[in-house]
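# Below: sequence and its predicted model.
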Amino acid sequence: MFDAPMRIEHRGNAAEQALTVAHNLLHPDAPRPYAPVPYFWTDQYDLKIQSVGLPARAERTTVLEQDGERLVLGGERGGRLIAAIAFNAPRRLPFYRRRLAEMPLLEDVVAAVRADEKALAA
């Protein structure tokens, strides 16, 4: 997911690094690479904003899910999903975070959202 070094200053990143180091110390014959999916969140009054991936590197954004004031946008680069930003939809981010580790084709994610019974109404 990264094409250049970057700093990710979030406590979740530090915790994930520690888990990877612990696993690799305890299982030297089966090490795991450290391949984080960046994440952040903020609450701005009544608005909860959460992001996974690299939204600043997206070439364009697409509405993936929407239901009233709840919204999920997808950031796409080269036909692949590289970010998801949720507004007042915190329960939807794990769905995207799991997929972003593989940098999936945007069309595959759109199909998965349509098939997901937990998705926001379109």
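That came through fine. Just so you know, these numbers come straight off a predicted model, no measurement behind them.

# Name the single longest helix found in this protein.
Of all segments of type helix in the chain, defined using DSSP state H, the longest is helix 11-26.

# which residues sit against that helix?
31-34, 36, 38-39 (C-beta atoms under 8 Å, 6 or more residues apart in numbering). Bear in mind the C-beta positions are built from the backbone N, C-alpha and C, glycine included.

# Quick check: buried residues in that helix?
Residues 13, 16, 20 are the ones in helix 11-26 that count as buried (16 or more other C-beta atoms under 10 Å).

# With stretch 41-61 instead?
Buried, per 16+ other C-beta under 10 Å, within stretch 41-61: 50-55, 58.

# Could you tell me the end-to-end distance of it?
In stretch 41-61, first residue to last residue: 18 Å (C-alpha to C-alpha, to the nearest Å).

# what does stretch 35-50 give?
Taking C-alpha to C-alpha, stretch 35-50 runs 19 Å from one end to the other.
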